[in-house]
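Student: sequence plus predicted model, see below.
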Amino acid sequence: VADPEISSSTLSQTIFYMRTLKAPPRRETNHPDVLAGETIFIQAGCASCHVPTLTTGNSEIEPLNNKTFHPYTDLLLHDMGPGLDRGYTEGSAASSEWRTPPLWGFGLQQNSQGGMLFLLHDGRARTVEQALSYHGGEATKAKNNFMSLSEQDKIKLIRFLNSL
C-alpha cells in the first residue's frame, strides 16, 4: 500500500503480541457444579463444535510450539440456521455460516461489558438461554438438548461456562 495507516514493523509487533497473549485462567475448576456442568455440556452435544482441547502446530515461538490448550472451539464454519442468517455472505462463507467462537474467557465477559452480557456476533442475546435459542442448523440438536435440560442442569452448565 502506498500510504499504510501503520508501519510493517508496528503490524508485526501487534501480531506477535496477539499471538502470545496468555489464555484467560479458569476459575472454580474443582467445584462440583462446574464439574457436573462440564459433563452436561459434553452430553448435550455442545462440545461437538465447542471442542474443549486443541493442539497448536509447529511454531518458531517455543511456548506456542505443539502445545495443548483449551479454547472450546473447533475454529470451523458451521451452518447455524435461519436464526443466525445475516442475509449476506463474507468470503466463501454462506450467510448462515459462522465460525465457532472460543468460549475461553466466557465467564469474564459480563464484568468487561459493563455488567451486562452481549452474546453472539452482534450482542443481541443477553443470556446463555437466549443465545442458544438462536442456534439452528448444525447446532439444532445441541440447542434442543439444552432446552430440554432441567433448570438445575441448565444452572450447572452455565456455571461451567462461567468457569471458562
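Tutor: Right, received. Where do you want to start?
Student: ok, Glu138 to Ser48 distance?
Tutor: 8 Å (CB to CB, to the nearest Å). Every C-beta, even on glycine, is put in place using the N, C-alpha and C of the backbone.
Student: between the two, which one's more packed in?
Tutor: Glu138 (19 against 15; other CB atoms under 10 Å).
Student: ok, and the closest non-adjacent residue to that one?
Tutor: Nearest residue to Glu138, sequence neighbours excluded (CB to CB, 6 or more residues apart in numbering): His78, at 4.6 Å.
Student: where does this protein have low pLDDT?
Tutor: The model of the chain has no residue with pLDDT under 70.
Student: can I take it that the residue nearest to Glu138 is in a helix?
Tutor: No. Counting by DSSP: H, G, I helix; E, B strand; the rest coil, His78 falls outside a helix, being strand.
Student: please renumber so the chain begins at 10
Tutor: All right, first residue 10 from here; so that's His87.
Student: beta partners of it?
Tutor: With DSSP bridges as the criterion, His87 is bridged to Trp107.
Student: I figured Ser172 was touching Pro34, is that so?
Tutor: No. Here Ser172 does not reach Pro34: they are 10.0 Å apart, not a contact under CB atoms under 8 Å.
Student: looking at those two, which one has more neighbours?
Tutor: Ser172 (20 against 11).
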